[in-house]
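Student: I need the structure of the sequence given here:
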Amino acid sequence: MVGGTAIECITRKQKCIARDSTEAEMVALEGLVLDVEWHCEWFKGQGYEMKRPLIFQDNTSTITLVTKGGGKMRNKTMRVKQAVILEGYKNGDYEFKYVPTEDMIADMYNKPLSGMKYYRFKKVIMIGGQESKAAGVRGIKAKND
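Tutor: Coordinates of the predicted model:
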């Protein structure tokens, strides 16, 4: 999101098989990191000064794996994905923040929601900037507040 507005919403089929949720999150994160880097380069090319992008993640073991290294990868593909993310993180290309699953706005795009969670996320996306507990918009108020 940029300025409280979603600039890209994307769903992809994962390109390789993962054994557990941490590996699955890392596979998805590697694809996302490449998109984030591309968007940053595009905005810089348009003359915007970019702050370091903040990537929300709801899996703490994935955050630890890609910010501190280590772990036991089952194959070379997973080690390469981890190394790509870790290198960008160490270079300061992006940072990660843990956000509980129940506060992830992205869930509205890829999971069926109902009840209060649906209405809370709908309000955030439709009004953009309304104060909410959802990730990415905490502490931001609409101009007319």
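Student: residue ranges of the strands in this structure, please?
Tutor: Shown for the chain, the strands assigned by DSSP state E span residues 54-57, 95-98.
Student: Packed most tightly, which of those strands would that be?
Tutor: The highest average neighbour count among the strands of the chain, using mean count of other Cβ atoms under 10 Å, belongs to strand 54-57 at a mean of 17. C-beta here means a position set from N, CA and C on the backbone, and glycine is covered the same way.
Student: contact partners of that strand?
Tutor: 25, 29, 32-33, 36, 63, 94-99, 104, 106, 135-136 (Cβ atoms under 8 Å, 6 or more residues apart in numbering).
Student: what's the closest of the residues you listed to Gly3?
Tutor: Compare each of the contacts of strand 54-57 with Gly3 using Cβ to Cβ and the shortest gap goes to Gly136, at 11.0 Å.
Student: ok so, going back, now the contacts of strand 54-57: which count as buried?
Tutor: In these, burial by neighbour count holds for 25, 29, 32-33, 36, 63, 94, 96, 99, 104, 106, 135-136, counting by 16 or more other Cβ atoms under 10 Å.
Student: ok, Thr67 touching Phe96?
Tutor: Yes: in terms of Cβ atoms under 8 Å, Thr67 counts as a neighbour of Phe96; the distance is 6.3 Å.
Student: what residues are shared contacts of these two?
Tutor: Tyr89.
Student: and Met116, how far is that from Pro100?
Tutor: From Met116 across to Pro100, the span is 15 Å (Cβ to Cβ, to the nearest Å).
Student: Check Met108 too.
Tutor: 15 Å.
Student: what about these two, which has more around it?
Tutor: Under the neighbour definition other Cβ atoms under 10 Å, Met108 and Pro100 were set side by side, and Met108 has more, 19 against 10.
Student: for this structure, longest helix please?
Tutor: The single longest helix within the chain, with elements called by DSSP state H, is helix 21-45.
Student: just to revisit the earlier point, out of the contacts of strand 54-57, which is nearest to Cys9?
Tutor: Of all these, the one sitting nearest Cys9 is Ala106; the distance, using Cβ to Cβ, is 8.3 Å.
Student: Just give the nearest non-adjacent residue to that closest one, would you?
Tutor: Counting by Cβ to Cβ, 6 or more residues apart in numbering, Phe56 is the residue found nearest to Ala106 once chain neighbours are left out, at 7.6 Å.
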